[in-house]
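Trainee: this one's structure only:
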C-alpha cells in the first residue's frame, strides 16, 4: 500500500510544507496516471483554484457517493488534507429568526463520512 501512496504522491506533485505533505488542488487529477493500463477505473477532478468552498464541489462528491456508490476524495481546506468520503447525509430544519420582525427559515445540515487515511482510531 505504501508503494501505491508514494506513486500517487509523485503523480500529483506532493511536496513538503511545514513537515507535512501538501498537494495543490489543481494537480489532484493527475492521480489518474496511476490507473492507466492497470484498471478500468476512471477519475474525474473538480476544484476551485482559489481554495474556496463551493456548493457545486459538495454536490459532485455527494452525487458520486449517492448516485454511483463511488467514494470521493474531498479537500478539507486549502493545502490541507484530502480524505476519502464514503457516506453522505443531510437534514433540513426550520429556524425562527427575528430582526425588527420575525420569520421562519429553512436551514440545511450536511455531513460526509470520511476515512482520514491516518490508520488506527480517529480515522472516521
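Mentor: The structure has been received and is ready for your questions. Source: prediction; values computed, not measured.
Trainee: any regions of the protein where pLDDT drops low?
Mentor: Confidence mapping of the chain against pLDDT under 70 gives the ranges 1-2, 4, 78-79, 119-124.
Trainee: change it to 80
Mentor: The chain contains residues with pLDDT under 80 at 1-9, 17-22, 24-26, 28-29, 31-43, 45, 47-52, 76-81, 117-124.
Trainee: which stretches in it count as strands?
Mentor: 15-17, 20-22, 72-73, 84-99, 101-115 (DSSP state E).
Trainee: redo those as a markdown table? Include distance to residue 9 and mean neighbour count.
Mentor: Bear in mind the C-beta positions are built from the backbone N, C-alpha and C, glycine included. Converted to a markdown table, the strands of the chain look like this (distance: least, C-beta to C-beta, whole Å; neighbours: other C-beta atoms under 10 Å):
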| stretch | distance to residue 9 | mean neighbour count |
| --- | --- | --- |
| strand 15-17 | 9 | 10 |
| strand 20-22 | 6 | 13 |
| strand 72-73 | 13 | 19 |
| strand 84-99 | 15 | 11 |
| strand 101-115 | 17 | 11 |
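Trainee: could you dump these into JSON lines and include distance to residue 29?
Mentor: Formatted as JSON lines, the strands of the chain follow (distance: least, C-beta to C-beta, whole Å):
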{"stretch": "strand 15-17", "distance to residue 29": "17"}
{"stretch": "strand 20-22", "distance to residue 29": "16"}
{"stretch": "strand 72-73", "distance to residue 29": "10"}
{"stretch": "strand 84-99", "distance to residue 29": "16"}
{"stretch": "strand 101-115", "distance to residue 29": "20"}
